[in-house]
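Student: sequence? don't have it. structure:
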């Protein structure tokens, strides 16, 4: 029996320093037994939690890189898309995804735009419209609470109400995605957060509550998307993939801060990739 390797196309920015984007996606995927073909949307000297990072937009190279991959006969089991440089680049990435979509198992788009109710400084409202177009190509999207509100034209509140979130998901699903996983939804208690998973075909919203950890963790959303997609590519269910991902990330947040590190670096990736991640997924699948 052929032991075929699994491979994803990962479309994210590459931050030279900090545990975000491709710096997170690549090691997590390999730890989960999945090979990565990386398409950097931009190069940043450090993630955007550091002041004034050097920024190189890769837009002018994307088409030629993608053409070369087709020419050499690559194939992918899944596509993952995250931080993109501009609305114009979003359109380019849409063309890249369309060129592979028919032959992949799943397309996951993380519509990265901002957090805590604010767009990232490099974006304006045009990015919201561009992301609404892009998610039409997705099977799965993983917006945070703020991003889900923008996609649905909803109001950001201190507490995420289930009925309102269900309405948002129904509106977002009209753009195309069959599975909507909303992260960092604020709960009724000050130390509570929720992940909410909406399955379009069943019109069903499932809530996964967890305890909020103190601190700020750049790249936690990137870790979430990478881990969950790795679970799906390895044939775990959405329920198991979400539960395992929450377990891994909350455990990482509980790790003591190592001497000489800075919160801006993000989660302790060097520890995460030493854990038996597959066992954690299998435990939640039992």
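Tutor: Alright, I've got the coordinates. Keep in mind it's a predicted model, so treat the numbers as computed, not measured. Residues are numbered from 1 along each chain as shown.
Student: Of all the residues in stretch 104-122, which ones are buried?
Tutor: Buried residues in stretch 104-122, counting neighbours by 16 or more other CB atoms under 10 Å, are found at 104, 106-115, 119. All C-beta atoms are positioned from the backbone trio N, CA, C, and that covers glycine.
Student: same thing with stretch 69-78?
Tutor: For stretch 69-78, by 16+ other CB under 10 Å, it's 69, 76-78.
Student: re earlier: now, which of the buried residues of stretch 104-122 sits nearest residue 143?
Tutor: residue 111 (5.1 Å; CB to CB).
Student: Could you pull out the strands in this protein for me?
Tutor: Taking DSSP state E to define them, one finds strands in the chain at 6-15, 34-44, 55-57, 78-81, 106-109, 114-115, 118-119, 140-141, 179-186, 192-199, 204-211.
Student: For residue 268, which of these is the nearest?
Tutor: Closest among those, once you apply CB to CB, is strand 6-15, at 16.1 Å.
Student: Pull the contacting residues for residue 109.
Tutor: Listed by CB atoms under 8 Å, 6 or more residues apart in numbering, the contact set of residue 109 reads 80-81, 134-135, 137-138, 140-142, 177.
Student: Out of these, flag the one nearest to residue 229.
Tutor: residue 80 (5.5 Å).
Student: one step back: okay if I get the buried residues of stretch 104-122 as TSV plus pLDDT and distance to residue 213?
Tutor: Shown next, in TSV, are the buried residues of stretch 104-122 (pLDDT from 0 to 100; distance: CB to CB, whole Å):
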residue	pLDDT	distance to residue 213
104	97	34
106	98	29
107	99	30
108	99	24
109	99	26
110	98	21
111	98	24
112	97	21
113	96	23
114	93	21
115	92	16
119	94	25
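Student: Let's have the residues you listed in JSON lines, adding distance to residue 220.
Tutor: Converted to JSON lines, the buried residues of stretch 104-122 look like this (distance: CB to CB, whole Å):
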{"residue": "104", "distance to residue 220": "26"}
{"residue": "106", "distance to residue 220": "21"}
{"residue": "107", "distance to residue 220": "22"}
{"residue": "108", "distance to residue 220": "16"}
{"residue": "109", "distance to residue 220": "18"}
{"residue": "110", "distance to residue 220": "12"}
{"residue": "111", "distance to residue 220": "16"}
{"residue": "112", "distance to residue 220": "12"}
{"residue": "113", "distance to residue 220": "16"}
{"residue": "114", "distance to residue 220": "14"}
{"residue": "115", "distance to residue 220": "10"}
{"residue": "119", "distance to residue 220": "18"}
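Student: Quick check: of those, which lies closest to residue 14?
Tutor: Using CB to CB, residue 112 is the member of the buried residues of stretch 104-122 that sits closest to residue 14, with 13.9 Å.
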